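1. Below: sequence and its predicted model.
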Amino acid sequence: MRVAISAGASGIGKAIANSFARQGAQVYVCDVDPAAVAWCNENLPGVVAVEADVADPVSVDAFFERIAADGERLDVLVNNAGIAGPTGPIETLDVDEWRKTIDIDLNSFFYCARRAIPMLRANGGGSVVNMASNVAFHGFPLRSPYTASKWAIIGLTKTMAMELGPDGVRVNALCPGSVEGPRIDRVIEKDAACRGRTVEQVEAEYKSQNSLRTFARNEDIVAMVQFLCSSAGERISGQAIGIDGHTEGLSLRMDN
Ligand code: NAD
């Protein structure tokens, strides 16, 4: 099995890459962070990490040319790239920050998909997993470009599922809630600063928004990716699957 992962050299992407490599797959990940790329190359046997900027289609092309240099086969694409983007009311957001978030969180999925699709078709089938978020089902105050990107990913997923299904390629979106780790810690810190609350208050507020009152873990995401890419998932396509303890709503208290 050969697997390509966008922006996968740390966080959730690294955990997914490791899970495939441990099964004997040949895994390719790209990331803009040279330190994360070097760490994967040194520590994860079976993973080839490549420095690339997924917001730049030329850079994405070079990543896929690196994969094709080892052979045309591709079974799995995990579109995982994503930044949290700015935190703030819409009217205060900087245009460049908006564009950067849409470029990384949405346009990169198109740049990677357009290169992966001919390889998946030639393979006679495969699996695409697009990393969305639980914000794809709700409005989420203060995180508008992130939320807009994740809603768009659901539309992209369903359209890809329709276009690729006849060729045996299934396409699904995953919608994690907050995932334990440094990224959500940074998000919570920014939100607390923006709304004049403590980190503890914001974390408790986020957890209270889902029925299980908890955060997801990398291993929860990995398990669902593995399920969808295995024969167990071979009749599942076009779905947006929550891994979020059942988000009841994402309204934040904007008042005091
Ligand atoms: P992370 O910040 O831990 O890792 C993201 C990686 O992307 C980093 O290694 C970073 O260097 C890389 N990256 C950023 N911009 C890039 C670019 N332009 N080109 C290439 N690489 C780039 O994030 P994560 O938690 O692993 O998130 C992975 C995905 O899961 C994202 O799509 C995110 O929106 C989604 N998600 C995360 C959470 C969460 O709470 N962590 C919740 C829901 C959805």
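-> Received the coordinates, thanks. Here the structure is a predicted model, which means the values were calculated and not measured.
2. contacting residues around residue 60?
-> 6, 30, 52, 54, 108, 111-112, 115 (CB atoms under 8 Å, 6 or more residues apart in numbering). All C-beta spots, glycine's among them, are computed from the backbone N, C-alpha and C.
3. can you pull the contacts of residue 169?
-> Residues near residue 169 by CB under 8 Å, 6+ apart: 117, 120-121, 125-128.
4. go with 6 Å
-> 120, 125-126 (CB atoms under 6 Å, 6 or more residues apart in numbering).
5. That one pairs with what?
-> Legend: beta-bridge partners of residue 169 under DSSP bridges are residue 126.
6. Over to the one 10 residues further on?
-> Per DSSP bridges, the residues bridged to residue 179 are residue 216.
7. Residue 220 is in contact with that one, correct?
-> No: counting by CB atoms under 6 Å, residue 220 is not a contact partner of residue 179; they are 7.9 Å apart.
8. residues contacting the closest residue to residue 31 other than its chain neighbours?
-> Leaving aside its sequence neighbours, residue 31 sits nearest to residue 9 (CB to CB, 6 or more residues apart in numbering; 3.4 Å). By CB under 6 Å, 6+ apart, the contact set of residue 9 is 29, 31, 36-37, 40, 49.
9. If we use 10 Å, what do you get?
-> By CB atoms under 10 Å, 6 or more residues apart in numbering, the contact list for residue 9 reads 17, 29-41, 44, 47, 49-51.
10. Among these, name the buried ones.
-> 17, 29-32, 36-37, 39-40, 44, 47, 49-51 (16 or more other CB atoms under 10 Å).
11. okay, those residues in TSV with secondary structure next?
-> Shown next, in TSV, are those (DSSP: H, G, I helix; E, B strand; the rest coil):
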residue	secondary structure
17	helix
29	strand
30	strand
31	strand
32	coil
36	helix
37	helix
39	helix
40	helix
44	coil
47	strand
49	strand
50	strand
51	strand
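12. Those: which ones sit near the ligand?
-> Among the buried ones among the contacts of residue 9, the residues lying close to the ligand (CB under 6 Å from any ligand atom) are 30-32, 36.
13. Whatever residue of the stretch 51-200 of the chain ends up closest to the ligand: what's it in contact with?
-> At 2.3 Å from the ligand, residue 82 is the closest residue in the stretch 51-200 of the chain, using CB to the nearest ligand atom. Shown in contact with residue 82 (CB under 10 Å, 6+ apart): 6-7, 11-13, 54, 101, 104-106, 108-109, 131-133, 146, 149-150, 153, 183.
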